[in-house]
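Engineer: Following is a predicted model, sequence given first.
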Amino acid sequence: MSRPSRIGPDAALARLPGWARAAKDAREAITRTYRFADFNTAFGFMTRVAIKAEQLDHHPEWFNVYNRVEVVLTTHDADGVTELDVALASFMDAAAQAAGAQD
Ligand SMILES: C[C@H](O)[C@H](O)[C@H]1CNC2=NC(N)=NC(=O)C2=N1
């Protein structure tokens, strides 16, 4: 998936319960906020996602305060949402669940 083509947010969101259109963003992007037990758990999640992001060569935009991680995903190279965003979002959901995240 080196040159992903745009699938758009609706197709992505249909496969990603818990995710939403990033409404405050002028760009086409999807977002989800995870809450963990504490900072250590949140940062452990981010570390696992960072390793996956490097493998995919696809990187999240995210913001962390203590136990909260806000994520925005979009594919800069495609000017929109692609299969790479679905792949990274799905990995994040599994990692967050394994780390005991609450919505
Ligand atoms: C050169 C490198 O492959 C590109 O810049 C990659 C890196 N990570 C990326 N991450 C995201 N989210 N979108 C991209 O288009 C993107 N492109």
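Structural biologist: Good, I have the coordinates. Computed from a predicted model, the values in this text were never measured in an experiment.
Engineer: Close to the ligand: what parts of this structure are there?
Structural biologist: Those residues of the chain that sit near the ligand, judged by Cβ under 6 Å from any ligand atom, are 57-59, 75-77. All C-beta atoms are positioned from the backbone trio N, CA, C, and that covers glycine.
Engineer: Generate a ChimeraX selection restricted to the buried entries among those.
Structural biologist: A single ChimeraX command suffices to select whichever of these are buried according to 16 or more other Cβ atoms under 10 Å:
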select :58,75
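Engineer: Gln102: neighbouring residues, count only.
Structural biologist: Other residues near Gln102 come to 9 when the count uses other Cβ atoms under 10 Å.
Engineer: For Arg68, see how far away it is.
Structural biologist: Here Gln102 is placed at a distance of 10 Å from Arg68 (Cβ to Cβ, to the nearest Å).
Engineer: just Ser5 next, same as before
Structural biologist: Ser5 is 33 Å from Arg68, where distance means Cβ to Cβ.
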